[in-house]
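Asks: Below are the sequence and a predicted model for it; my questions follow.
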Amino acid sequence: MNEEPGTTAIAADSGSGSAVPMTLMGARFLGGVAGGVELDGAGDYLDFGDRYYLRDDRFAFAATNGFSFAAWVRHDAFAGAREDAAGGGFILYLWDGIDGTEANWIWLSNHGTSRRATVNIANSLRNAAAATSTTPWPPPGKTFTTPDGTFGDSDANLLFFPPAGQWVHVVWTVNTTGTFALYRDGATRTGWQTSSGYAANPNPPIAYRHANLGGLDWWGDEIFHGALRDVRLYNYALSAEQVRDLHASTAPWGHSGSGPIHWWKMDEAVEDKEAADSGSDGNEPLTLKGSAVFLGPDAGGGASLPNGDVYNRTSFLDFGSGGITFGATNGLTFAVWVNFATNAWSYILYLANNRAIASNAISLYHRPTGRRAGVSITNGGWSSTSNFYPPDAFFPVAESGWAHVALTVGADGAWTLYRDGATQDDWKTASGYGTADPNPAGYWYAALGRHATHNNGYWLDGALRDARLYNRALSAEQVRDLHASTALPNE
């Protein structure tokens with residue numbers, strides 16, 4: 001779907017099978033580097049006159065060794081006439097047009113107006129075996145809907161789709177034994193999997209006469225409202241590793257998994273009070289608290305946090321009462337420029353999902369002696385907390401100017417600290433040291449420049465600029481490039 005707007009109404013098929021191009025019915029190509037197709041539901045899922053969907057009237061497919069469906073998806077609204085297993089806005093819909101126990105279908109949708117995902121399979125081979133003379137239509141099939149996240153804080157992030165307006169990589173795999181798994185940005189969760197024992201029809205070829213992306217050509221109230229790009233259908237079930245690799249390899253710069261998902265440039269004017277989030281998620285601004293003030297573009301940007309007076313420490317950057325939602329999908333990287341006015345125990349980054357006993361937490365801080373760094377990550381409760389304290393002199397001497405600091409944590413649990421684009425052996429850990437939660441988790445106690453919950457505060461006295469948070473571990477070369485590309489003259 002990398003065609004340019006206005007040049008064609010056909011999306012080419014680049015797969016290995018027989019070419020099946022898709023015709024745009026009212027939809028439009030987005031063009032540009034990322035590509036994609038926008039599908040406008042006119043904001044009303046019952047507006048039959050504005051049905052926009054990608055359509056192919058006949059499509060042959062066999063789930064020979066199971067199947068995988070993958071697509072980059074952006075919901076502009078969550079719409080659907082039915083808040084039940086019938087689904088909402090259809091992303092994928094394949095049906096052979098046959099009623100009764102001979103029917104075959106495969107579909108994926110959002111669940112009504114919620115952010116849940118619903119998938120469904122009907123397989124004529126399985127249906128015939130299960131059918132009786134009293135079996136009603138539709139035939140025996142398998143429907144699975146992801147949780148709604150209403151069963152306490154621990155499950156609050158089980159909603160499958162992100163909020164409207166955000167791109168996300170969606171993969172649905174079904175193996176030959178009928179085990180379902182849904183992946184979001186390369187990661188899955190227990191609540192997004194089921195051992196269904198219900199596979200799609202492997203017999204070639206099933207002619208799916210109703211084959212659509214973004215809607216149904218025979219029913220008008222289930223139209224998807226948003227955009228799709230890089231849609232793929234495999235006749236086998238991808239492994240978890242293959243899904244992660246597919247997500248990473250198809251994420252263009254600026255989308256989740258490539259560029260920073262959160263990026264606070266701090267290049268605002270002196271009189272401003274909020275640091276915008278320029279990352280691909282772009283929804284987590286930071287508010288200046290206390291005496292914090294922007295240094296302004298003429299100074300190269302940054303936010304000053306004057307906390308030298310022990311009786312008047314109030315300056316930090318606040319995420320607000322809603323905190324921040326973050327999933328370390330393929331590890332994580334936090335990078336920031338820091339300028340210390342004093343070398344004291346202080347927090348640069350603090351994220352935790354609970355005030356007292358956090359089950360998820362990530363922090364980077366300056367230890368009280370020797371200019372040592374401290375890193376702490378909790379994933380699943382304090383009993384699973386990992387701490388790393390490199391030797392003395394990681395941070396620069398106070399009042400010596402700006403330094404670029406980066407922390408990378410690989411999906412394999414290997415940690416690395418960088419200063420000004422370089423690392424050394426004692427700033428690294430071996431693999432298996434510890435990982436952050438790879439699934440979207442709410443960090444409600446979150447701040448830059450202080451500990452968000454401790455009575456002492458552990459305030460940073462100095463300044464920060466250009467802070468970035470990635471949901472993957474940057475390579476050593478990428479960290480060097482990031483340092484070089486963001487350094488000011490003479491740094």
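Replies: Nice, I can see it. Numbers count the residues shown, from 1 in each chain.

Asks: Contacts only, for Leu108.
Replies: 69, 90-92, 117-119, 170, 172 (C-beta atoms under 8 Å, 6 or more residues apart in numbering). To be clear about C-beta, it is placed using only N, CA and C from the backbone, and glycine gets the same treatment.

Asks: ok, the host helix or strand of Phe334: who's next to it in the sheet?
Replies: Phe334 is part of strand 332-340, with elements assigned from DSSP states H and E. Counting by DSSP bridges, the strands paired with strand 332-340 are strand 403-409 (antiparallel), strand 462-470 (antiparallel).

Asks: hang on, the earlier thing: what about the contacts of Leu108, which one has the most neighbours?
Replies: Ile91 (28 neighbours; other C-beta atoms under 10 Å).

Asks: by contact count, what packs against the helix or strand where that one lies?
Replies: Using DSSP H and E, Ile91 sits within strand 90-95. On a contact count with 3 or more C-beta pairs under 8 Å, 6 or more residues apart in numbering; DSSP states H and E, strand 90-95 meets strand 67-77, strand 105-110, strand 210-213.

Asks: Distance of Gly165 relative to Ser109?
Replies: 19 Å (C-beta to C-beta, to the nearest Å).

Asks: same thing with Thr173?
Replies: 17 Å.

Asks: What segments of the stretch 201-350 of the chain are strands?
Replies: 206-208, 210-213, 225-234, 262-264, 274-275, 286-289, 293-294, 303-305, 316-318, 324-326, 332-340, 346-352 (DSSP state E, counting those that start in this stretch).

Asks: Any chance of the ones you listed in CSV with distance to Trp105 and mean neighbour count as columns?
Replies: Listed next are those as CSV, based on distance: least, C-beta to C-beta, whole Å; neighbours: other C-beta atoms under 10 Å:
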stretch, distance to Trp105, mean neighbour count
strand 206-208, 8, 19
strand 210-213, 8, 24
strand 225-234, 14, 22
strand 262-264, 39, 24
strand 274-275, 48, 20
strand 286-289, 47, 20
strand 293-294, 56, 20
strand 303-305, 54, 25
strand 316-318, 49, 24
strand 324-326, 34, 22
strand 332-340, 39, 23
strand 346-352, 43, 25
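
Asks: of all the ones you listed, which lies closest to Gly401?
Replies: Set against Gly401 and scored by C-beta to C-beta, the strands of the stretch 201-350 of the chain come closest in strand 332-340, at 6.4 Å.

Asks: Could you check the angle the closest one makes with strand 346-352?
Replies: 150 degrees (axes from the mean of the first three to the mean of the last three C-alpha atoms, to 10 degrees).

Asks: what about the nearest residue to Thr385 once chain neighbours are set aside, neighbour count?
Replies: Spatially, and ignoring its direct neighbours in sequence, Thr385 is nearest to Thr378 (4.4 Å; C-beta to C-beta, 6 or more residues apart in numbering). Counted with other C-beta under 10 Å, the neighbours of Thr378 add up to 25.

Asks: pretty sure Thr378 is touching Asn360, no?
Replies: Yes - contact status for Thr378 versus Asn360: in contact at 6.0 Å, counting by C-beta atoms under 8 Å.

Asks: Quick check: neighbours shared by those two?
Replies: Ala352.

Asks: Which elements pack onto the helix or strand hosting Phe144?
Replies: Here Phe144 sits within strand 142-145, counting by DSSP H and E. In terms of contacts (3+ C-beta pairs under 8 Å, 6+ apart), strand 142-145 is packed against strand 117-122.

Asks: Listing partners with orientation, what would you give for the strand holding Ile91?
Replies: Per DSSP bridges, strand 90-95 is paired in its sheet with strand 105-110 (antiparallel), strand 210-213 (antiparallel).

Asks: Could you pull out the buried residues of the first one?
Replies: I take that to be strand 105-110. Of the residues in strand 105-110, 105-110 count as buried by neighbour count, 16 or more other C-beta atoms under 10 Å.

Asks: Then stretch 260-271?
Replies: 260-268.

Asks: Closest one to His75 out of those residues, please.
Replies: Using C-beta to C-beta, these come closest to His75 at Ile261, 17.3 Å.

Asks: Surely Thr453 and Ala352 touch.
Replies: Yes - with contacts defined as C-beta under 8 Å, Thr453 counts as touching Ala352 at a distance of 6.7 Å.

Asks: Tell me the residues that contact both of those two, please.
Replies: Tyr445.

Asks: Bridged to the nearest residue to Ala452 once chain neighbours are set aside, which residues?
Replies: In space, and not counting its chain neighbours, Ala452 is closest to Tyr445: 4.1 Å by C-beta to C-beta, 6+ apart. With DSSP bridges applied, Tyr445 shows beta-bridge pairing to Ala352.

Asks: Next, count neighbours for Tyr445.
Replies: 21.

Asks: That one: what's it in contact with?
Replies: 323, 350-355, 358, 452-453.

Asks: Would you mind listing where the stretch 251-400 of the chain has pLDDT under the threshold?
Replies: Flagging of the stretch 251-400 of the chain using pLDDT under 70 yields the residue ranges 252-258, 356-357, 381-383.

Asks: ok, now which ones touch Val479?
Replies: 333, 335, 406, 408, 418, 421, 423.

Asks: can you tell me how far the second one sits from Ser475?
Replies: Here the criterion is C-beta to C-beta. By it, Ala335 lies 13 Å from Ser475.
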